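[1] Predicted model and sequence below, questions to follow.
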Amino acid sequence: MANLATAVSSLAEAKKYATLRDILSTMNAADIALLFDDLPSSMIPLLFRLLPKELAAMTFVEMESDQQELLIKGFSDSELKDVVDELYIDDAVDIVEEMPANVVRRILGSADPETRKMINDLLKYPEDSAGSIMTVEYVELRPHLTVEDAIKAIRRSGVDKETINICYVTRADRTLYGFITIRKLILANPNTLIGDLADTNVIYCSTMDDQETVAKMLQKYDLIALPVVDGEKRLVGIVTIDDAIDVLQDEVTEDIEKMAAMTPSDKPYLKTSTVSLFAHRIPWLAVLMLASTFTELIINYYTQRLSMFGEIAGGMLLACIPMLMGTGGNSGSQSSVTVIRGLSLGEIEFKDILAVIWKEFRVSILCGSALALANFGKMMLMNTLVYHHSGAAFTAYLMVSISICLAILSTVFVAKLIGCVLPILAKMIGFDPAVMASPFITTIVDVTTLLLLFGIASVIMSTVAVL
């Protein structure tokens with residue numbers, strides 16, 4: 001794309017507009033939008049005006065909001081009207097939601113009254129609802145029509161519809177009756193009634209359903225479009241697969257940012273300012289830093305107590321803290337990410353919590369035992385090759401090694417328990433499970449790990465001292 005951008009820039013500087021028009025006309029709208037990202041902002045309006053009307057509208061939809069705003073400010077009223085007239089209603093709504101108020105006024109002012117009304121109607125639906133992402137440009141047929149009449153109707157009105165592959169059949173009061181595919185229409189007898197051909201076992205959603213739920217319905221049932229109905233089951237729009245893909249991508253991005261302890265952002269990384277990135281990251285960093293105060297207090301408290309058991313014990317326990325905390329954090333993260341993904345895909349529900357705990361319990365015993373045995377072998381090998389402790393010193397070394405290995409087993413068990421339970425409980429009470437991912441769980445596990453380590457070590461070392 002960089003080589004193409006260089007070539008396009010050279011042609012533009014040489015004013016070879018006919019050649020540029022020929023090149024751009026053969027490209028996909030998404031590729032043209034990517035090309036514009038690599039070009040100077042001053043060149044974009046010129047190249048955009050070279051595009052055919054329909055391709056220009058498709059490219060406009062694919063462009064970033066800052067570039068769209070740049071073009072709109074440079075458009076004449078007639079140019080803006082041409083672009084708005086070519087946009088599908090749902091795309092127009094998405095653009096309006098991204099623009100500042102003065103730009104929105106120009107967009108709505110350029111639209112015809114019917115389009116303006118449809119845009120305003122869609123803007124009334126809550127953000128993240130099915131109504132906010134649906135389009136009202138679909139093919140609607142009546143049950144009493146013959147196949148021949150239906151095909152004629154599609155030819156008359158289908159040009160401006162977002163899709164004609166699926167046609168929706170509604171009664172006179174516009175309640176949803178069923179659907180029929182264009183394939184079925186073409187292959188059917190011309191005199192057959194639509195009502196007899198339509199599939200009445202139709203899957204639909206409500207205008208107020210969550211957009212992520214709607215996107216998952218399209219994915220689950222392998223649909224290219226999903227009808228949207230109001231409270232009285234009247235068809236008011238459809239959600240198409242392209243919008244569903246955008247929703248799923250946005251939701252996954254949002255979950256990843258939450259799992260990394262960041263406030264979600266709507267802008268791409270390279271277009272997000274340094275100050276904005278700081279604002280999105282600093283709240284959680286501050287909270288997690290303050291939460292580490294508990295680990296400091298625990299270390300200070302137990303370090304003073306364990307010093308009475310000798311230099312070997314105290315030194316070994318302090319040295320193993322990073323390893324134990326890392327193991328606990330990683331164990332908790334494994335469980336939490338697995339459960340969060342299961343919750344996201346609908347594979348895990350609150351009723352499955354006992355089954356999840358039982359499974360993670362068995363996994364934690366296997367993982368913890370393997371890690372504890374491996375660590376014990378490592379520590380014995382280290383004594384043979386490096387430390388060469390013997391007598392009372394070896395006894396102290398052995399007891400601390402056992403304490404650390406028991407702490408590993410306990411830490412893995414507790415970490416996996418916390419990692420699997422917290423996301424499920426979070427979803428049950430209405431929080432996003434992604435918030436309970438790595439950083440949050442790791443902080444809880446760190447505190448628990450230290451309590452387990454020093455608690456086990458205190459008991460074992462006290463018992464040895466008594467004996």
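    Received, thanks. Numbers count the residues shown, from 1 in each chain.
[2] okay, CA-based contacts and neighbour counts for the rest of this
    Noted.
[3] list the contacts for Q334?
    K416, G419 (CA atoms under 8 Å, 6 or more residues apart in numbering).
[4] Run through the helices of the stretch 101-250 of the chain in chain order.
    Under the criterion DSSP state H, counting those that start in this stretch, the stretch 101-250 of the chain contains helices at 101-110, 113-123, 130-133, 147-157, 182-187, 194-197, 211-220, 241-259.
[5] what's in contact with the fifth one?
    This points to helix 182-187. By CA under 8 Å, 6+ apart, helix 182-187 touches V147, I151, I164, N165, I166, C167.
[6] longest helix of the chain?
    Looking across the chain with DSSP state H, the single longest helix is helix 392-428.
[7] and the residue nearest to D160 when sequence neighbours are not counted, backbone torsions?
    Distance criterion CA to CA, 6 or more residues apart in numbering; nearest residue to D160, sequence neighbours excluded, is E137 at 7.2 Å. The phi/psi pair for E137 (degrees, to the nearest 10) reads phi -100, psi 90.
[8] I am assuming E137 contacts K161, so please confirm or correct that.
    Yes: assessed by CA atoms under 8 Å, E137 is found in contact with K161 at 4.8 Å.
[9] In terms of neighbours, single out the busier of these two.
    E137 (20 against 15; other CA atoms under 10 Å).
[10] Setting aside sequence neighbours, what's the nearest residue to V339?
    C420 (5.9 Å).
[11] hang on, isn't D210 packed against D128?
    Yes: between D210 and D128 there is a contact at 5.9 Å, judged by CA under 8 Å.
[12] ok, and for the strand or helix carrying P322, which residues are buried?
    Here P322, judged by DSSP states H and E, is contained in helix 311-345. The neighbour-count check on helix 311-345 (16 or more other CA atoms under 10 Å) flags 313-314, 317, 321, 324-325, 327-337, 339-341, 343-344 as buried.
[13] Run through the stretch 301-450 of the chain and note the low-pLDDT ranges.
    304-313, 435-439 (pLDDT under 70).
[14] let's go with 90 and repeat that
    301-322, 325-326, 328-330, 332-351, 379, 382-401, 403, 419-420, 422-450 (pLDDT under 90).
[15] Contact partners for V228?
    So, once contact is read as CA under 8 Å, 6+ apart, V228 ends up touching A130, G131, M134, Y204, C205, S206, T207, L235, V236, G237, I238, V239.
[16] what residues are up against the residue nearest to D160?
    Residues in contact with E137 (CA under 8 Å, 6+ apart) are Y88, I89, D160, K161, E162, G237, I238.
[17] Please check the residues you listed and keep the buried ones.
    Neighbour counting with 16+ other CA under 10 Å marks Y88, I89, E162, G237, I238 as buried within the contacts of E137.
[18] Dihedrals phi and psi, the first one?
    Torsion angles at Y88 (phi, psi; degrees, to the nearest 10) stand at phi -70, psi 150.
[19] who's in contact with the nearest residue to it once chain neighbours are set aside?
    Nearest in space to Y88, with sequence neighbours left out and distances taken as CA to CA, 6+ apart, is E162 at 6.9 Å. Counting by CA under 8 Å, 6+ apart, E162 touches Y88, T135, E137, Y138.
[20] how far away is the third one from V159?
    Read that as E137. 10 Å (CA to CA, to the nearest Å).
[21] next one: the second one
    Relative to V159, T135 is positioned 15 Å away (criterion: CA to CA).
[22] For the one helix or strand F454 maps to, name the packing helices and strands.
    Here F454, judged by DSSP H and E, is contained in helix 438-466. Applying 3 or more CA pairs under 8 Å, 6 or more residues apart in numbering; DSSP states H and E, one finds that helix 438-466 contacts helix 274-291, helix 293-306, helix 311-345, helix 392-428.
[23] Thanks a lot, catch you later.
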